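# mind looking at a prediction? Sequence and model below.
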Amino acid sequence: MNLAGDSWPIFLEPDHTKGGEKEGKGYVSENTKGIKVDLEPGDMLVYSGCELEHWRNEFKGEECVQVFLHYNNVETKGAEEHMFDKRPHLGLPSWFKR
């Protein structure tokens, strides 16, 4: 979800056969420029990052404020094992123990 700041588009490649290569800190698609999604403040994008190739180019602006909400489909293999990023309590740091 984009809250404010300069534009920083995300690119999505719905065709998994076109793959991508790591370049620096992101991915650059080999065969296409993908679909450019440029979110305005208040806009949100929901997609399955494990099933859809996605990347961003290097940020060239001064400020970009966004919120990332990740989810785990309970029907996915290993979902229970990865619940809460393997933390015993949601919202507490990973070093916290019961």
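Yep, it's here. Residues are numbered from 1 along each chain as shown.
# nearest residue to Ile14 in space, please, no chain neighbours.
Rather than Ile, residue 14 is Pro. Leaving aside its sequence neighbours, Pro14 sits nearest to Leu52 (Cβ to Cβ, 6 or more residues apart in numbering; 6.3 Å). Every residue, glycine included, has its C-beta placed from N, CA and C.
# tell me the contacts of the one you found?
Neighbouring residues of Leu52 by Cβ atoms under 8 Å, 6 or more residues apart in numbering: Leu12, Glu13, Pro14.
# before we move on, what about Glu63?
Counted by Cβ under 8 Å, 6+ apart, Glu63 has contacts Ala4, Gly5, Asp6.
# go again with 10 Å.
Under the criterion of Cβ atoms under 10 Å, 6 or more residues apart in numbering, the neighbours of Glu63 are Ala4, Gly5, Asp6, Trp8.
# select only the buried ones of those in PyMOL?
The PyMOL selection below is limited to those of the contacts of Glu63 classed as buried (16 or more other Cβ atoms under 10 Å):
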select buried, resi 8
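# now the contacts of Glu63 in TSV, with pLDDT, secondary structure and distance to Gln66?
What follows is the contacts of Glu63, written out as TSV (pLDDT from 0 to 100; DSSP: H, G, I helix; E, B strand; the rest coil; distance: Cβ to Cβ, whole Å):
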residue	pLDDT	secondary structure	distance to Gln66
Ala4	97	strand	9
Gly5	96	strand	8
Asp6	96	coil	11
Trp8	94	coil	8
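# and which of the contacts of Glu63 is nearest Gly91?
Nearest to Gly91, judged by Cβ to Cβ, of the contacts of Glu63 is Ala4 at 24.0 Å.
# contacting residues for the residue lying closest to Gly61 once chain neighbours are set aside?
Using Cβ to Cβ, 6+ apart and skipping the chain neighbours, the partner closest in space to Gly61 is Asp6 (2.8 Å). Applying Cβ under 10 Å, 6+ apart to Asp6 gives the contacts Phe59, Lys60, Gly61, Glu62, Glu63, Cys64, Val65.
# sorry, back to before: list just the nearest of the contacts of Glu63 to His82.
Nearest member of those to His82, counting by Cβ to Cβ, is Trp8, at 27.3 Å.
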